[in-house]
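Asker: Dropping the sequence and predicted coords here.
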Amino acid sequence: MDTRELICIGCPMGCRMTVNMDKGQVHSVSGNTCKRGDAYARKEVTNPTRIVTSTVRVEGGVLPVVSVKTREDIPKGKIFACMEALAKVTVQAPVAIGDVVLPDAAGTGVDVVATKNVVEA
Amino acid sequence: MKYDVIIIGAGVSGCAIARELSRYQLKTAVLEKEEDVCCGTSKANSGIVHAGFDAAPGSLMAKLNVAGSRAMEALSKELDFSFRRNGSLVLMFDEADRPRLQELYERGLKNGVEGLRIIEREELKKMEPGVGPEALAALYAPTGGIVCPFGLTIALAENACTNGVAFYFDQKVTGMERQEDGWRMRTEEKTYETTIVVNAAGIYADLFHNMVSETKLHITPRRGDYCLLDRTTEGFVKHTVFQLPGKQGKGVLVTPTVHGNTLLGPTAIDIEDREGTNTTQAGLDELREKAARSMEGIPMNQVITSFAGLRAHEDGGEFIIGEPKDAPGFVDCAGIESPGLSSAPAIGKMVAELIADRLHPAANEKFCGTRRGILNPAVLPKEERARLIQQNPAYGAIVCRCEMVTEGEIIDAVTRPLGAKSLDGVKRRTRAGMGRCQSGFCSPKTMEIIARERGISMAEVTKSGGASRIICGTSKDNLQEEKE
Amino acid sequence: MKRYDIVIIGGGPAGLAAALAAREQGIHEVLILERDRELGGILNQCIHNGFGLHTFQEELTGPEYAARFIQRVKDARIEYQLSTMVLNISPEKIVTAMNREEGLFEIEAGAVVLAMGCRERSRGALNIPGYRPAGIFSAGTAQRLVNMEGCLPGREVVILGSGDIGLIMARRMTLEGAKVKVVAELMPYSGGLKRNIVQCLDDYGIPLKLSHTVVDIQGRERVEGVTIAQVGADRRPIPGTEEHYTCDTLLLSCGLIPENELSRELGVMISPVTAGPVVNESLETSIPGVFACGNVLHVHDLVDFVSQEAASAGAAAAEYVKQRPGEDAEVTLPVKGKGGVRYTVPSMIRPGRMQEEQVIRFRVGDVYRNQYISLYVGDERLIHRKRPVMAPGEMEELKVTREQLSGCPEGTELLVVIEDK
């Protein structure tokens, strides 16, 4: 049996939680005060995911870069692969919120989309 | 090309000398190791025009201080920089010190300082209501003043430049050889020839002097820490408030600045490092403690920055101006510590006259002794300001919101003679970035303007020249390199 | 001179929400004056997600949150002027402003809403000793450079202050290719959200050193290193605990200060605790017809609450313009914090002017676990609520109804306190 120590992010309490794992499965969660902690712990130890936000270069726009995000969470382990893929992206103005700037980022099946409108210069 | 005169150092002394020399038909150049004028002692000091009661009667310091102070007002009008006679007070905290206060008063009389009076607590309290409870009496000098040290130095330099003096920056003099009729000077990349060298190298002046003379000088960098308070404290103190001087100089003062800030400082710590302009916790603590004795309730929560400056203290404690006996053609202007700023106009005259006596140059008939500073639209009447913005919309765009500096002023600062090349250069000329947010909001915009006006990229913009680049690259640039 | 019913100073989240609320109350002549080149304020550089859970029930990035409000402002045809700096507001509510196109101009306002936001505490204000080289940035300046200009301010970074901007920037710099070596925090606790500590620091193995501060900065041209040291209970460095970090960049995230220079010149009474205006239940300052909301009033952690607060201020400004006198308006009840409650907003309530329900926002001065938060009205304890944890970094709130306060005699004190039972 493995144990993982986690700090809950649900609220300012920051409960220190211990997750007991058995063959990759969550056996038990302790240290949490509420249900949200339990749910967070189970997700975090089995499939931690994050939204990634960054910028990509814009050509011909009023701003040199446009802010972007992964449309959904991607696996934590894919964050840097996603950044490396974004490093190669340049888009042409105009850009609108929701425009896909990078489809299927780093093989996650998740698109990276613009989060800001950038009009042409 | 051979110069008639080369001045080492573009501090206030070097620039004052350059400007005085530009009255003559002389080929003059200034070599400065930094990227701008006013980068050493001249940029980090109290900004005080001393009345002249400190120096020993008969000394060069005493003579030049009083003469410089007298000349300052007219000069501020000719060259358009900020100067105000706010009067100064030297506080006495202990009745036992009265003889020393009296001595200071008498010294002032001998030096020719006008209007000096010793005042007692009651009158002192009326003049400066926030004065500390221990202050029993004070020496009042109505001729004491405050000046913007950048304003003064930059004005002198710009005027010298327009009148024909060449300024070369990033030129650190590394060697000097006597020639048949003059000197050959080496910097890291160039060689310059000149008939006369003026040594106005501030903290480094002893090094140059000792290269050519057997009568050695020794300069100690004396560090002084300062705290600058926001302009919200304007009116907290009206006069420049000193304490009775001790061995290490004039002690900690509390003074308004010409721009409405309050300044505390300096401490006095002798160090070895000639570039040791770092503040220390001990220094800042000492400053706070000592200043609190002069003025009650200093709003320390309004501190917007602290900094340290180095005074060039020569062992003899006197200005050293003139040719060493064994080095004709080499003119020292060394040991220029306080009251160096106050004396600058007189130092400039004295050195220029000395050189004129040797070279007998003709007058520069094209010399123009006036200079217009960077236009501050905030001081214009509303209608004029509106007209200005109509003519040049850049004066309608505020870049620095704390000091309300417009894009027009920053463009002027960058594009005028000896214009600013860096954020600090812009700051010293316009005050953009000198306010309460300390350039947090305006620096990206100011960088953009510098880059555009000078035709460089954002990445090449520096804080103060050299390796002081603000940004290191572009986002994800190393992620690209690894993959490509 | 042009005249508007309501002039709003600042087009960030507070200004936008205030304008919309004023318009919803039927005020047509509303003008927003914004100093930057676009609406949205600081949200434009906050490109991370986590905004809008309360307002839109989804997680947006800063620019997306701003864009929704901007679209509504545009749809409502509310007037705004960009790149326009307000230079002065007179007690008669004449607003003097300036921009490139119109130069210097004056606007007569029926009511003014202050929504200028805040600024970061600078290195100078923190009085950190050392050299003054390039490479020292407030976290927000670095954020603007990275997120809006696409520049990298440094490659090896130390961050002082674990406020949310500092934490967010630790992650942003890391993702953009920099190495963040440590985050030092003067206090024994972080001022940032737990979520940010986990997702911005722990995810990337960045150490957080509590009770530590920067005691020296090295490097004459560019930062070459910093020294951090542990601090004692008095928050002074403990000799012998110094650790040296080589780095080219120091980011500072050490607190925000409401930007009330215009308010001060106008003569608005300022609270020494919040550094924002003293306001009543309508978020009206000591000058009638001048309202304040958002970070210029007190520094918030969540933009959702800024939008809510600003909507109240906008609505109250609309009421003021319509001049509908409240009943019983002369009764004023002071609101105060005690025992760990650092301040309250508002600091007075006139029951005759309040809405059905009034939010009292406040902050505590320390971390409190399993304590009660209580509201006393005179001697009576009106609210008594157990809170598992309260921290200085998280704004708290209580709600009180008009009914609960009706009939209170003039001067009855409303006291917000932390109690252990």
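Answerer: That came in fine, so what should we check first?

Asker: gap between residue A:9 and chain C?
Answerer: 4 Å (Cβ to the nearest Cβ, to the nearest Å). For every residue, glycine as well, the C-beta is placed using N, CA and C.

Asker: wouldn't that residue be in contact with residue C:195 here?
Answerer: Yes - between residue A:9 and residue C:195 there is a contact at 3.8 Å, judged by Cβ atoms under 8 Å.

Asker: quick check, distance from the top helix by length along chain A to the centre of its chain.
Answerer: Scanning chain A for the helix with the most residues, using DSSP state H, yields helix A:35-46. In this view, helix A:35-46 has its centroid 16 Å away from the chain centroid, taken as Cα atoms, centre = their mean, to the nearest Å.

Asker: What's the mean pLDDT across it?
Answerer: Confidence for helix A:35-46, expressed as mean pLDDT, is 91.

Asker: bridging residues for residue A:92?
Answerer: residue A:59 (DSSP bridges).

Asker: that older thread, buried stuff in the longest helix of chain A?
Answerer: A:37-38, A:40-41, A:44-45 (16 or more other Cβ atoms under 10 Å in any protein chain shown).

Asker: Which of the helices or strands spans the closest residue to residue C:194 other than its chain neighbours?
Answerer: The shortest distance from residue C:194 to any non-neighbouring residue, by Cβ to Cβ, 6 or more residues apart in numbering or on different chains, is to residue A:14 (4.3 Å). Under DSSP states H and E, no helix or strand contains residue A:14.

Asker: now swap in residue C:77 and tell me
Answerer: Under DSSP H and E, no helix or strand contains residue C:77.

Asker: What of the one 3 residues further on?
Answerer: Residue C:80 is part of strand C:79-81 when elements are defined by DSSP H and E.

Asker: Ok, residue B:26 next?
Answerer: Going by DSSP H and E, residue B:26 is not in any helix or strand.

Asker: So what are the sheet partners of the strand holding residue C:80 and their directions?
Answerer: Paired strands of strand C:79-81, with direction, are strand C:30-33 (parallel) (DSSP bridges).

Asker: How confident was the prediction at residue B:418?
Answerer: Each residue has a pLDDT score; the one for residue B:418 is 97.

Asker: isn't it right up against residue B:154?
Answerer: Yes - counting by Cβ under 8 Å, residue B:154 is a contact partner of residue B:418 at 7.5 Å.

Asker: which one of those two has more residues nearby?
Answerer: Neighbour count, other Cβ atoms under 10 Å in any protein chain shown: between residue B:418 and residue B:154, residue B:154 has more, with 30 against 21.

Asker: give me every residue that touches the more buried one.
Answerer: If you count contacts by Cβ atoms under 8 Å, 6 or more residues apart in numbering or on different chains, residue B:154 has them with B:15, B:37-38, B:81, B:418, B:428-429.

Asker: right, and the helix or strand after the host helix or strand of it?
Answerer: For residue B:154, the host element (DSSP H and E) is helix B:149-162. Next helix or strand after helix B:149-162 toward the C-terminus (DSSP H and E): strand B:166-168.

Asker: what's the distance between the closest residue to residue C:41 other than its chain neighbours and residue C:18?
Answerer: Distances taken as Cβ to Cβ, 6+ apart place residue C:12 nearest to residue C:41, at 2.2 Å, with adjacent residues excluded. Applying Cβ to Cβ, to the nearest Å, the value for residue C:12 to residue C:18 is 10 Å.

Asker: What distance do you get for residue C:383 to chain B?
Answerer: Applying Cβ to the nearest Cβ to residue C:383 and chain B gives a distance of 34 Å.

Asker: Can you get me a residue count around that residue?
Answerer: Residue C:383 has 16 nearby residues by other Cβ under 10 Å.

Asker: correct me, but it touches residue C:397?
Answerer: No - using Cβ under 8 Å, residue C:383 makes no contact with residue C:397, being 11.1 Å away.

Asker: ok, back up a step: helices or strands up against the longest helix of chain A?
Answerer: Secondary-structure packing of helix A:35-46 (3 or more Cβ pairs under 8 Å, 6 or more residues apart in numbering or on different chains; DSSP states H and E): strand A:2-7, strand A:16-22, strand A:25-30.

Asker: what angle do the longest one and strand A:25-30 make?
Answerer: Okay, so that is strand A:16-22. For strand A:16-22 against strand A:25-30, the angle by axes from the mean of the first three to the mean of the last three Cα atoms, to 10 degrees is 150 degrees.

Asker: Quick check: buried residues in strand A:16-22?
Answerer: Under the neighbour-count criterion of 16+ other Cβ under 10 Å, strand A:16-22 has A:17, A:19 buried.

Asker: when you scan it, is anything in it near chain C?
Answerer: No - against chain C, strand A:16-22 shows no contacts by Cβ under 8 Å from any Cβ of the partner chain, the least distance being 11.0 Å.

Asker: Listing request: residues of the chain with sub-threshold pLDDT.
Answerer: Looking at chain A here, since you left the chain open. Filtered on pLDDT under 70, chain A yields the residue ranges A:12.

Asker: nope, chain C please
Answerer: C:324-329.

Asker: of the buried residues of helix A:35-46, closest to chain B?
Answerer: Of all those, residue A:44 has the smallest distance to chain B: 26.3 Å, by Cβ to the nearest Cβ.

Asker: how close does the residue nearest to that closest one when sequence neighbours are not counted get to residue B:293?
Answerer: Among residues not flanking residue A:44 along the chain, residue A:6 sits closest, at 5.9 Å (Cβ to Cβ, 6+ apart). According to Cβ to Cβ, residue A:6 and residue B:293 sit 55 Å apart.

Asker: More neighbours: which of those two?
Answerer: For residue A:6 versus residue B:293, neighbours defined as other Cβ under 10 Å are more numerous around residue A:6 (21 against 17).

Asker: residues in contact with that one?
Answerer: With the criterion set at Cβ under 8 Å, 6+ apart, residue A:6 makes contact with A:16-19, A:40-41, A:44-45.

Asker: now residue A:72
Answerer: By Cβ under 8 Å, 6+ apart, residue A:72 lies in contact with A:51, A:110.

Asker: And it, how close does it get to residue C:372?
Answerer: Distance, residue A:72 to residue C:372, using Cβ to Cβ: 40 Å.

Asker: re the thing from before, of the helices and strands packed on helix A:35-46, which is nearest residue C:199?
Answerer: Taking Cβ to Cβ, strand A:2-7 is the member of the helices and strands packed on helix A:35-46 nearest to residue C:199, at 10.7 Å.

Asker: re earlier: give me the distance between the residue nearest to residue C:194 and chain B.
Answerer: Residue A:14 is 30 Å from chain B, by Cβ to the nearest Cβ.

Asker: For burial, what's the neighbour tally of that residue?
Answerer: Residue A:14 - counted by other Cβ under 10 Å - has 20 other residues nearby.

Asker: Next: residue B:370.
Answerer: 10.

Asker: Quick one: residues contacting the closest residue to it other than its chain neighbours.
Answerer: Once flanking residues are discounted, residue B:370 sits nearest to residue B:78: 5.1 Å by Cβ to Cβ, 6+ apart. Counting by Cβ under 8 Å, 6+ apart, residue B:78 touches B:369-371.
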